[in-house]
Structures are given as C-alpha cells and as structure tokens.
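Asks: Here is my input; please provide its structure:
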Amino acid sequence: MSDKTTTADEAVSRLASGMTLGIGGWGSRRKPMALVRALLRTGITDLTVVSYGGPDVGMLAAAGRIRRLVTAFVTLDSIPLEPHYRAARERGAFELMEIDEAMFLWGLHAAANRMPFLPVRAGIGSDVMRVNPALRTVTSPYEDGETFVAVPALRMDAALVHVNRADRRGNGQYLGPDPYFDDLFCEAADRAIVSCERIVDTAELTKDAAPQTLLVARHTVAAVVEAPDGAHFTSCAPDRPRDEAFQQHYASTPWAEFADRFLAGDEQAYRSAVRAWHGERP
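Replies: Numbers count the residues shown, from 1 in each chain. As a prediction, this is how the structure comes out:
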C-alpha cells in the first residue's frame, strides 16, 4: 500500500501539453481549483478538456490553454453562463464539442468500462446531432430495431478531482449532497490526481460516515494532494460554501487584471490575495 501524497505543483508537473484532461465537480461545485491554479502556473497548453464546466474551464480558456473542449455546459451556477469561457468561445479560441448531459455521462461510463461507445436515446431528434456531425448512430440488433446515438467513450490521459476527505493511499470520500461523477472521471483516466480538504487515516473515513461515501477507489488514483479550501471559490459542502462575493468579482473582472492579482504567485499567494480582497471590501 503506497503513500501517494504529494503537492499540487508536483502532481501537475507530471502532466504534459496536448493531453486530454478530465476535471471533476459540477459547474461551480467542488471543482479541484487548487490543482487548476497549479496547472496555470505551468506552461502546459494545447489541452483537450472534458468537464461539466465551471470556473475551471473559464480560467483555462481565458489563459489560452484549451485546444478542444468537451462539455454539456459551462456555468457558475448563480451566474448562468461563465463569462470568461463565453468570451474565449466568442473569439473562437478553441474547438467545442457540446453534448447533452446524459450523453456526457454515458461517454464517461463507456470510458470507465473500456468500451468504444455506449448507445443512448438522448440527442435523437435534436440539434446536438447537427452541431456535432462526427456523432454516429447505431441500430439495435434485436427485434425492436431502435436507433440510438453511439456516444463515444470520453477517455482521458489524466483527471483532476476534489473531495472532502482522502487517505494517503488514494481512497476518496465525498460528504456533500452529490458525487458529481468524480469516480467515473478517475476510472476513465489513465492517471487521476485527487485533492482533498483533509487527509485522514483510512479507518477514519468510515468512522462517522457511511461506506457509500467512499466515492473514489485507491486503485484508480495516482496522486493525493491535501488542499484545504482547495475548491475555492467553488463550494465543497459541507466543509465550505461557495465564496459568492469572490465569484462575482472573478466574473466581473477582466481576465488579465484578475490573473495578475490572484494567479501570479503560488497557492499561498493566492490565499493571501483573496484574504486581502475580502478585507478591502466596503
């Protein structure tokens, strides 16, 4: 049983330009933002990003790191459309494959199960097929003869996820209301990096929580990073709420200005800058 703990910077240093990168969480909820910020401190670019998108996508898009995006949406939840993503998309900064949420989910299932595709009804008769001409359909081999969308597997070179608790071996636990499919991201990737609010002993994971909360299995994880408030400014219920005031500031501030103040240094500098910003608010 190996100790997989490391730092965010060390974990992302093993990634490379041109990779397909999955990012867990959902919109502006439990996103692995400390890992995303670490990624932004590298020169890694030309990424294919697979995500139920939030500020992870917004920041990477604004920084010019995305070549292709596969998503069902990109939102800040309380702000319906992520503005930095929107600006990058409007200037044609990257290729987009936008699919239905259910299609995205089954693409993850296909990849996790090492299938080339899985058939789904979602998408039939919609413009999803028109705007994604590379999508194919398949006909049931049984007597029903029904036509389905053949959703391709969303295989990834690496995945980044954030959970509430993890042990040093890579078992990850969520304590909030929703798993957000982070287990599938880890299973669909060749290499998964898990950040967490707190690293605990393995026995402590189920001391006060049900075994069903053990979302991520150690055999799917390559690295574990302890990152308290590592989802900031997104939520990580029940540990931390979304920092709505700071999210609004992020959404309303030009990217270059935001990046210069909050992303120019390391994670400690980021936290200091956020605290200072909160102190400056009237």
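Asks: Can you show me the strands along the chain?
Replies: 20-23, 47-51, 66-71, 95-98, 117-120, 136-139, 147-152, 156-166, 172-173, 189-199, 214-216, 223-226 (DSSP state E).
Asks: Leu35: which of those is closest?
Replies: strand 156-166 (4.5 Å; CB to CB). Placement of C-beta: from N, CA and C, glycine included.
Asks: ok, the spatially closest residue to Val200 that is not a sequence neighbour to Leu135 distance?
Replies: Distances taken as CB to CB, 6 or more residues apart in numbering put Arg165 closest to Val200, at 5.4 Å, once the chain neighbours are dropped. Distance, Arg165 to Leu135, by CB to CB, to the nearest Å: 38 Å.
Asks: now swap in Gly265 and tell me
Replies: Applying CB to CB to Gly265 and Leu135 gives a distance of 43 Å.
Asks: who's more crowded, the two?
Replies: The neighbour count for Gly265 versus Leu135, taken as other CB atoms under 10 Å, is higher for Leu135 (18 against 14).
Asks: need the contact list for that one.
Replies: Counting by CB atoms under 8 Å, 6 or more residues apart in numbering, Leu135 makes contact with 99, 123, 128-129, 149-152.
Asks: which among the residues you listed end up buried?
Replies: Burial by neighbour count, 16 or more other CB atoms under 10 Å: within the contacts of Leu135 this picks out 99, 123, 128, 149-152.
Asks: so the nearest residue to Leu214 once chain neighbours are set aside bridges to which residues?
Replies: Spatial nearest neighbour of Leu214, excluding adjacent residues (CB to CB, 6+ apart): Gln173 at 5.5 Å. Listed by DSSP bridges, the beta-bridge partners for Gln173 are Arg165, Leu214.
Asks: Surely Gln173 touches Asp208?
Replies: No: using CB atoms under 8 Å, Gln173 is not in contact with Asp208, being 10.7 Å away.
Asks: Of the two, which one has the most company?
Replies: Gln173 (24 against 8).
Asks: send the alpha carbons of the helix or strand of the chain with the lowest mean pLDDT over as PDB?
Replies: Lowest on mean pLDDT, DSSP states H and E among the helices and strands of the chain sits helix 127-131, with a mean of 94. What follows is helix 127-131, C-alpha atoms only, in PDB (Å, rounded to 0.1, in the frame of the first residue of the first chain):
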ATOM      1  CA  ASP A 127     -29.700  19.900 -32.800                       C
ATOM      2  CA  VAL A 128     -27.000  18.100 -30.800                       C
ATOM      3  CA  MET A 129     -26.600  15.800 -33.800                       C
ATOM      4  CA  ARG A 130     -26.500  18.700 -36.200                       C
ATOM      5  CA  VAL A 131     -23.800  20.700 -34.300                       C
END
